[in-house]
Structures are given as structure tokens and as C-alpha cells.
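In: Okay, here's the prediction I keep looking at, along with the sequence it came from:
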Amino acid sequence: MTAHKHALNRRLSRRLAVVGAITAGGLLLAACGGNDMEGMDHGSGSSASASASPTRATGEKPASGAFNDADVMFAQMMIPHHEQALEMAGLADGRASDAEVKSLVADIEKAQDPEIRTMKSWLKAWGKPESAGESMPGMDHGSGGMDHGSGMSGMMSDEDMKKLEGAKGTEFDRMFAEMMIEHHKGAITMAQDEQKNGRNATAKKLAADVVKTQSAEVEKFEKILDRL
């Protein structure tokens, strides 16, 4: 056999070895991921995979395991609810004057922004849209607002948000506290519904955290109102 043929054979052998390694790795990954495909329930009786890998990359808790329609609706409704809370918190910059209000604003931003990302990752893993869409009449996607008749408790109207934006100093602090109390109470009601009707353990844990955290914040806002 010539030296040229020997070289060709060596290159071919190396390519086959690489292909074999890739194939073996793919089979190993498939075998390792097999158990993650079992036990996922939409509530419709069918099964689906809720891969945890996208959430692990960002440090979020994967909502693996069985889930039902209540879990999906909880995430779909709580995402825009949290987003409005962050919008309200954003208005505090340059408007709020009370130190405790500013501290609570920071707490809200610290807690709710990561929760939004987490719930979005759940819906993606569950194969569900981020918005409940037509299942929630009264939702105004164009303005970013939502009226009280939409089925989402505690949401501020566009008019409410404009009033808050136009306030400053003590007036802002008082208005912000009043609105956030109502907003938080709406979130607490939604979270309690999830605790009662949801199936996914991770979603129910987040709901419990919402109830605990926002109930404590409601008490703080009420005390702020008492002294303003």
C-alpha cells in the first residue's frame, strides 16, 4: 500500500472515530433524559416534556413534574401582574420621597423581576404561550394596561397609572402605597387560588412565596399610610 493510501486510511479512521463518539454521546444524553419525559400532565391526560435546562442556565427553578390548567393560568396571569408592579416601582425613581417607600420599591424589583423570568421559563417548558390571550376578555394588549373586569384582581387602569406618574413627593408616596396595597392583594388572591387548585409543586411553592412576601409588604404599606 502506498504512503498516500496510508494517509487516506488514517484520516478516514479519525473521522469515523469522531462520528462514533458524537453518536455515542447523543445516545447517552437521550438515555439520561428519558426519565424527564415521564409523568408530565397537562390536565388533558397527555404527556409532555418540561425540560429544566433553560432554567438551570439562568439559575431559575424548573417547574418539572405534573401540571394542570390552573398552573398555566397562574403563570400567564401573574406575569403581567408582576410587570405592572415593576412599572409602578419604576415610577418611584425621582418621585418618591419616603425612605421606607424607596426601600419597598427596591424589594419589589428584587423579588418580582426574577419571578417573571421563572414563570416565563415554565410556560416555555410546558409548551404554553406567555399570554392567556383570548381566554381573558378585557385584556388590552395595545396599551399594556388591563381593566378590573379582565379577571385579574388588583390591576391598575391606565388612568391610575397616569395619576401615579403625575404625582411627586408625599403625594406620590401615599398614592403608591394605596395602589400597591390593592395590587398586592390581587396577587395574593391569585396565588391563593394556585395553592388551592394548582398541581405543580414548584408553581405552588412560588405561590406560597408570593402570599408570604406580599402580605408582609401590605402590612408595611399600611403602616406607611398611617404616618403619612
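Out: That came in fine, so what should we check first?

In: how is the chain carved up into domains?
Out: 3-37, 53-227 (automatic domain parsing).

In: hey, least reliable of those by pLDDT?
Out: Note on the domains of the chain: lowest mean pLDDT is at domain 3-37, with a mean of 41.

In: What are the buried residues along the helix or strand harbouring Leu123?
Out: Leu123 is part of helix 99-126, with elements assigned from DSSP states H and E. Residues of helix 99-126 classed as buried by neighbour count (16 or more other Cβ atoms under 10 Å): 100-101, 104-105, 108, 111-112, 115-116, 118-123, 125-126. In this view, the C-beta of every residue, glycine as well, is placed from N, C-alpha and C.

In: Tell me which other helices or strands it touches.
Out: helix 53-58, helix 69-91, helix 170-197, helix 201-227 (3 or more Cβ pairs under 8 Å, 6 or more residues apart in numbering; DSSP states H and E).

In: Mind checking what helix or strand follows that helix in sequence?
Out: Counting by DSSP H and E, what follows helix 99-126 is helix 158-166.

In: So which elements touch that following helix?
Out: Using 3+ Cβ pairs under 8 Å, 6+ apart, helix 158-166 sits against helix 69-91, helix 170-197.

In: Please identify the nearest residue in space to His184, excluding sequence neighbours.
Out: Gln214 (4.2 Å; Cβ to Cβ, 6 or more residues apart in numbering).

In: one step back: which of the helices and strands packed on helix 99-126 sits most buried?
Out: helix 69-91 (a mean of 21; mean count of other Cβ atoms under 10 Å).

In: and that one with helix 170-197, angle?
Out: 170 degrees (axes from the mean of the first three to the mean of the last three Cα atoms, to 10 degrees).

In: For helix 69-91, C-alpha coordinates in CSV please.
Out: Output in CSV follows, covering the C-alpha atoms of helix 69-91 (Å, rounded to 0.1, in the frame of the first residue of the first chain):
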residue,chain,number,x,y,z
ASP,A,69,-54.6,24.3,33.7
ALA,A,70,-54.6,26.2,37.0
ASP,A,71,-50.7,26.2,37.0
VAL,A,72,-50.7,27.5,33.4
MET,A,73,-53.2,30.3,34.2
PHE,A,74,-51.4,31.3,37.3
ALA,A,75,-48.2,31.9,35.4
GLN,A,76,-50.0,33.6,32.5
MET,A,77,-51.8,36.0,34.8
MET,A,78,-49.1,36.6,37.3
ILE,A,79,-46.5,37.7,34.7
PRO,A,80,-48.4,40.8,33.5
HIS,A,81,-49.4,41.4,37.1
HIS,A,82,-45.8,41.5,38.2
GLU,A,83,-44.9,43.5,35.1
GLN,A,84,-47.3,46.3,36.2
ALA,A,85,-45.9,46.2,39.7
LEU,A,86,-42.4,46.8,38.2
GLU,A,87,-43.8,49.6,36.1
MET,A,88,-45.2,51.2,39.2
ALA,A,89,-41.9,50.7,41.0
GLY,A,90,-40.1,52.3,38.1
LEU,A,91,-42.1,55.5,38.6
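
In: coming back round to it: pretty sure the residue nearest to His184 contacts Glu182?
Out: No: look at Gln214 against Glu182 with Cβ atoms under 8 Å: they stay out of range, at 11.5 Å.

In: nearest to Met152, of the helices and strands packed on helix 99-126?
Out: Nearest to Met152 among those is helix 69-91 (5.4 Å), distances taken as Cβ to Cβ.
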